[in-house]
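Q: sequence-free structure coming up:
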DNA sequence: TATAATAATTAGACTAATCTAATTATATTT
DNA sequence: AAATATAATTAGATTAGTCTAATTATTATA
């Protein structure tokens, strides 16, 4: 139906719209797609022809309803496959992104639904990112950045905003796992370093950069 | 590394070499690939440039050792995914081919190995086709066509040579399943119709066409 | 507001994979 | 062996997705 390339553009546009607002700039898209701007212009024109995006010369683009549906279905597949890779095959949460990037393009509604059933209808992927349901509905997260909490506050670690293997490895090493409860034991005035109490009373000190990449429910 | 198209050509050449002898004709390849002959000529030249096949103008092509390795690895992935789809997700054996055609192109050695482990190292796919091991070694089958057996002979149903959904559905309906023991109760002189005794003593009558598409171990 | 800086587009070209039409090889048959 | 039929190749074109270089819009700044 759609090429892998188109699907990747749609996903990229979707994510940019989520984080940077409605309209997506050609240059931003070029950056995340790892191509040069003229390629994006061409592609946007083609996709506009298929009613996947709206495109106005030099004004940027946004997804149509149809484009959004495709994007969300790709994200659903990506996250379900990540759950499969971690929960069933035993991959680490830092290893699954590139594989899921490939698997997300497999086309079969029956497959996605059976996979969802096999995995017992997970609500989030191994990084805590919510999985859209079969109708494309994405549960609105109530999580906030750990960095926005105050001394003494408590929360449950529900997700990350930095998905890099480097960061995920750091968390593994530090002993911070999804679902753990975290209490803030102190915030250093000078450099915003956080002292956290993890489950099992273990205390760890993390930088603001780290606190700013952790999502918690409170 | 290789495009999907290249991988599909390699697989097709491999299968043609298996069944029709060493050298593969352009027209035969065009037919199974569903493209026109000039496309094949072009592709063979490109693949010869990458040392995946040997190509001699108007003399046909065959796989190099490198090409054979890639082909076998694709077949391994295809068959492992078919086992996954049937055994883990509950698909019927007639439904998995097209999905596995997509999944076979996913690139990750770690994935294939973990999948193999997850499935407990299956030796054959849901149609009885042998699964190459991690080194690309394909066990030589000792199965023969049911149609080559004589009245009174017995065997175990180990595979099919017709993989069409229509044939597989027919077998389901008739109650013939992989692994069942089958005894030949009679062969009609006139039209080579076979009367078979299935497990549970049930008797069924099948045409020569059917007997000629069933593999048995004896 | 005019100028400079940045962003986006157009123009023209490339590669992979395909096509049709025309041509050349190979194989078959009289 | 010559004539015919079949198979394969070449030539030239097309589409998707990309590129660089040149040009045009837009935005920011002096």
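A: Nice, thanks for sending it over. Since we're looking at a predicted model, the values are computed, not measured. Numbering: from 1, shown residues only, chains lettered A, B, ... in the order given.
Q: Geometric centre of chain A: which residue is closest?
A: Residue closest to the average C-alpha location in chain A (C-alpha atoms, centre = their mean): residue A:129, at 5.4 Å.
Q: what sits against that one?
A: A:79, A:159 (C-beta atoms under 8 Å, 6 or more residues apart in numbering or on different chains). In this view, the C-beta of every residue, glycine as well, is placed from N, C-alpha and C.
Q: Equivalent analysis for the one 4 residues further on, please.
A: With contact set as C-beta under 8 Å, 6+ apart, residue A:133 has these partners: residue A:76.
Q: quick one: it from DNA strand C, how far?
A: Separation of residue A:133 from DNA strand C (C-beta to the nearest atom of the strand, to the nearest Å) stands at 34 Å.
Q: Give me the secondary structure label for that residue.
A: Following DSSP: H, G, I helix; E, B strand; the rest coil, residue A:133 is assigned to coil.
Q: Over to it: give its phi and psi.
A: The phi/psi pair for residue A:133 (degrees, to the nearest 10) reads phi -80, psi -180.
Q: Could you check how far it is from residue A:71?
A: Per C-beta to C-beta, to the nearest Å, residue A:133 is found 15 Å from residue A:71.
Q: for the closest residue to DNA strand C within chain A, phi and psi?
A: Among all residues of chain A, residue A:27 sits closest to DNA strand C, at 2.7 Å; criterion: C-beta to the nearest atom of the strand. Residue A:27 has phi and psi values of phi -70, psi -40 when expressed as degrees, to the nearest 10.
Q: doesn't residue A:36 make contact with it?
A: No: contact criterion C-beta atoms under 8 Å: residue A:27 and residue A:36 do not qualify, at 9.8 Å.
Q: in the lengthiest helix in chain A, what counts as buried?
A: Using DSSP state H to define each element, chain A has its longest helix at helix A:65-83. By neighbour count with 16 or more other C-beta atoms under 10 Å in any protein chain shown, helix A:65-83 contains the buried residues A:67-68, A:70-83.
Q: Does anything pack onto that helix? Which helices or strands?
A: In terms of contacts (3 or more C-beta pairs under 8 Å, 6 or more residues apart in numbering or on different chains; DSSP states H and E), helix A:65-83 is packed against helix A:4-20, helix A:97-103, helix A:109-118.
Q: Touching the last one from outside, list them.
A: When you say that, I think you mean helix A:109-118. Under C-beta under 8 Å, 6+ apart, the answer for helix A:109-118 is A:73, A:76-77, A:80-81, A:84, A:88, A:122, A:134, B:85, B:88-91, B:95, B:99.
Q: and the angle for it with helix A:65-83?
A: Here the directions of helix A:109-118 and helix A:65-83 differ by 50 degrees (axes from the mean of the first three to the mean of the last three C-alpha atoms, to 10 degrees).
Q: show me the contacts for the residue of chain A closest to DNA strand C.
A: So residue A:27 contacts residue A:37 (C-beta under 8 Å, 6+ apart).
Q: List, one by one, the residues from chain A near chain B.
A: A:85, A:88-91, A:95, A:98-99, A:102-103, A:105-108, A:110-111, A:114-115, A:118 (C-beta under 8 Å from any C-beta of the partner chain).
Q: Need phi/psi at the residue at the greatest distance from the centre of chain A.
A: For chain A, the largest distance from the centre (C-alpha atoms, centre = their mean) belongs to residue A:190, which lies 31.4 Å off. Note on residue A:190: its backbone torsions stand at phi -60, psi -50 [degrees, to the nearest 10].
Q: again with the one 4 residues further on
A: The main-chain torsion angles of residue A:194 are listed as degrees, to the nearest 10 and equal phi -100, psi 130.
Q: Now for it, how many residues are close by?
A: When neighbours are counted by other C-beta atoms under 10 Å in any protein chain shown, residue A:194 registers 23.
Q: so how far is residue A:120 from it?
A: For residue A:194 relative to residue A:120 (C-beta to C-beta), the value is 34 Å.
Q: for residue A:89, what are its contacts?
A: Here residue A:89 is in contact with B:111, B:114-115, B:118 (C-beta under 8 Å, 6+ apart).
Q: so where's chain A shaky on pLDDT?
A: For chain A, applying pLDDT under 70 flags no range at all.
Q: hmm, which of the residues of chain A next to chain B are the buried ones?
A: In the residues of chain A next to chain B, the ones that pass as buried (16+ other C-beta under 10 Å) are A:85, A:88-89, A:91, A:95, A:99, A:102-103, A:105-106, A:108, A:111, A:114-115, A:118.
Q: Pick the one among the contacts of residue A:89 closest to chain A.
A: Chain A has its nearest neighbour among the contacts of residue A:89 in residue B:114, at 4.2 Å by C-beta to the nearest C-beta.
Q: What spatial separation is found between that closest one and residue B:108?
A: As judged by C-beta to C-beta, residue B:114 and residue B:108 stand 9 Å apart.
Q: Same question for residue A:56.
A: Distance, residue A:56 to residue B:108, using C-beta to C-beta: 40 Å.
Q: Number of residues surrounding residue A:128?
A: 21.
Q: is the nearest residue to it once chain neighbours are set aside in a bridge, and if so with what?
A: By the measure of C-beta to C-beta, 6 or more residues apart in numbering or on different chains, the closest residue to residue A:128 outside its immediate chain neighbours is residue A:159, 2.6 Å from it. Per DSSP bridges, the residues bridged to residue A:159 are residue A:215.
Q: since we're on residue A:195, how many residues are nearby?
A: 15.
Q: How far off centre is the helix or strand it falls within?
A: Taking DSSP states H and E as the definition, residue A:195 sits inside strand A:194-197. Centroid separation for strand A:194-197 versus its chain: 25 Å, with C-alpha atoms, centre = their mean, to the nearest Å.
Q: Tell me the neighbouring strands of it, and mark each as parallel or antiparallel.
A: Strand A:194-197 has these strand partners (DSSP bridges): strand A:181-187 (antiparallel), strand A:203-206 (antiparallel).
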